[in-house]
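Engineer: sequence? don't have it. structure:
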């Protein structure tokens, strides 16, 4: 099974024509504070917002990857995009904000904002983006087959659980 994360960014950037940094920043997060920002965001010559163009390319690539081979796709509304596939396991991995903050510092180092503020800001943008493109609530257990608390279980145990589910 192949895990797509960085490779997915490359594929989306290549096919959309956007630079990788733009895809990273706008591919699964809304920069604006709500749906009004989404409605009035920059438009291309056909009247589509650049975010909508990026969404369409991202959706197309996720569908192609899922059709091609068993894979893991992290984020990017893949749970919603692949919701009608019977061979798809939709998973939400979460953790306590304090543990997430600690993980951010360990992996990315200190920044000017506190890790807790960075998490809150990032989650707000994810929530807005997810709701705008799916009309669902981000993190709602009803959208997933399984949710795992990586803070309690640990990342390795979460991987073991999901691997076990995949192989059974």
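Structural biologist: In hand now; what should we look at? Everything numeric in this text was worked out from a predicted model, so none of it was measured.
Engineer: what residues are up against residue 15?
Structural biologist: Counting by Cβ atoms under 8 Å, 6 or more residues apart in numbering, residue 15 makes contact with 57, 60, 61. Heads up, the C-betas are built off the backbone N, CA and C, glycines and all.
Engineer: which stretches of this protein have low pLDDT?
Structural biologist: Residue ranges of the chain with pLDDT under 70: 1-5, 29-48, 110-112.
Engineer: ok, which stretches of it are helices?
Structural biologist: Using DSSP state H, the helices found in the chain span residues 6-16, 20-26, 35-39, 50-68, 78-81, 97-108, 115-134, 150-153, 155-167.
Engineer: now these in JSON lines, with distance to residue 89?
Structural biologist: Formatted as JSON lines, the helices of the chain follow (distance: least, Cβ to Cβ, whole Å):
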{"stretch": "helix 6-16", "distance to residue 89": "17"}
{"stretch": "helix 20-26", "distance to residue 89": "25"}
{"stretch": "helix 35-39", "distance to residue 89": "29"}
{"stretch": "helix 50-68", "distance to residue 89": "11"}
{"stretch": "helix 78-81", "distance to residue 89": "9"}
{"stretch": "helix 97-108", "distance to residue 89": "23"}
{"stretch": "helix 115-134", "distance to residue 89": "18"}
{"stretch": "helix 150-153", "distance to residue 89": "16"}
{"stretch": "helix 155-167", "distance to residue 89": "6"}
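Engineer: Of these, flag the one that's most buried.
Structural biologist: Of those, the one with the most neighbours on average (mean count of other Cβ atoms under 10 Å) is helix 78-81, at a mean of 21.
Engineer: Residue 91 reaches residue 161, doesn't it?
Structural biologist: No - using Cβ atoms under 8 Å, residue 91 is not in contact with residue 161, being 9.3 Å away.
Engineer: Pull up the overlap in contacts between these two.
Structural biologist: Common contacts of residue 91 and residue 161, defined by Cβ under 8 Å, 6+ apart, comprise residue 148.
Engineer: Out of the helices of the chain, the one nearest residue 87 is which?
Structural biologist: helix 50-68 (8.2 Å; Cβ to Cβ).
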